[in-house]
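J.: With the input below, show me the fold.
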Amino acid sequence: MGTEPSRPVIVLVPPSCCGAGYFHRLRRALPAGIDVVALELPGHGRRHAQEFVTSAPAVVADALARLDGRVDVVYGESLGAYVGLALAAALGGQRRPALVAASNVPPGLQRVVSAEDVASPRAAAATLASMGGAIPGEVLDDPRLLAGAFPMIRADLLLSRSFVELVATTTVPGDVTVVAGEDDRSLTGLRPGAKRPDPDGTHRAPSLAYPALAGWARHTTGRCGVELLPGGHLLSESNPSGVAGVLLSALNRS
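T.: Alright, predicted model coming up:
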């Protein structure tokens, strides 16, 4: 992994159909002195020549093989939130990394992808959009481009289904911070003011006023807090400074 043993390490897991380059704005928003490791799934980004993987256990094993040292915070966005949950559980032990799960409901509330959902390029694109994924208009409007993107979209949707099954009852020992964008239409049950600090500055467990996110508390034996930020589903793209602030807070508490 090439990190310095004395420096804190933040691991970033991208959303569906994205590679490590997706996090370029977030990386710039984080200060020096932190090692940032952006993971890349097979078939994505610089690993585009590799076969897609639709098995959650295989993706976890692949990621663990790339993390050979200290990990303080795992940040996962959209599908990456479930990958991050599985990684935080696998890393566990003495390391007990904090998890920051963004732009996703807890696994038990997520749509389970069906065969019909990925039966055609158009169906897969509609399914991804319903889960918050963004596909450029020029791709949606060009049947050839959409057909070219279909294998990745289909693979990531099937991977989402596999992760929903894998982490349905997963619990991590470290703290969990749930992050949502105010304009994320894929999340339901949100109300203004999800960030509710106690008088001492700590965060309560997710309020029942936010039922779409409250279930994340079941996935940790530590603390669970909720942060509502300006931005949409792809938070690291729309609000990198806000996400960076949440990560630094999680790092300081870890």
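J.: so where is the stretch 151-254 of the chain shaky, pLDDT-wise?
T.: Within the stretch 151-254 of the chain, the ranges that satisfy pLDDT under 70 run 188-210.
J.: got the residue ranges for the strands in it?
T.: Residue ranges of the strands in the stretch 151-254 of the chain, as given by DSSP state E, counting those that start in this stretch, are 176-181, 224-229.
J.: most tightly surrounded among the ones you listed?
T.: Here the criterion is mean neighbour count by mean count of other Cβ atoms under 10 Å, and of the strands of the stretch 151-254 of the chain the winner is strand 176-181, at a mean of 27. Using the backbone N, CA and C atoms, a C-beta is placed for each residue, glycine as well.
J.: by contact count, what packs against that strand?
T.: Here strand 176-181 touches strand 98-102, strand 224-229, helix 235-238, helix 240-253, going by 3 or more Cβ pairs under 8 Å, 6 or more residues apart in numbering; DSSP states H and E.
J.: ok and it relative to helix 240-253, angle-wise?
T.: For strand 176-181 against helix 240-253, the angle by axes from the mean of the first three to the mean of the last three Cα atoms, to 10 degrees is 170 degrees.
J.: residues making contact with strand 176-181?
T.: Residues outside strand 176-181 that contact it (Cβ atoms under 8 Å, 6 or more residues apart in numbering) are 98-103, 187, 190, 194, 203, 206, 213, 216-217, 219-220, 222-233, 235, 238-239, 243, 246, 249-250.
J.: mind listing what that strand pairs with, with the direction of each?
T.: Partners of strand 176-181 in the sheet, by DSSP bridges, are strand 98-102 (parallel), strand 224-229 (parallel).
J.: what's the closest of these to residue 112?
T.: strand 98-102 (18.5 Å; Cβ to Cβ).
J.: helix or strand right after the closest one?
T.: Sequence-wise, the next helix or strand downstream of strand 98-102 (DSSP states H and E) is helix 121-130.
J.: Find the residue closest to residue 27 in space, skipping its chain neighbours.
T.: Counting by Cβ to Cβ, 6 or more residues apart in numbering, residue 27 lies nearest to residue 36, which is 5.4 Å off, once chain neighbours are set aside.
J.: could you dump whatever helix or strand the one you found lives in to PDB, C-alpha only?
T.: Assigned by DSSP H and E, residue 36 falls within strand 35-38. Presented in PDB, the C-alpha positions along strand 35-38 are these (Å, rounded to 0.1, in the frame of the first residue of the first chain):
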ATOM      1  CA  ASP A  35      -2.200   8.800   3.700                       C
ATOM      2  CA  VAL A  36      -5.200   8.400   1.500                       C
ATOM      3  CA  VAL A  37      -5.800   5.100  -0.200                       C
ATOM      4  CA  ALA A  38      -8.500   5.100  -2.900                       C
END
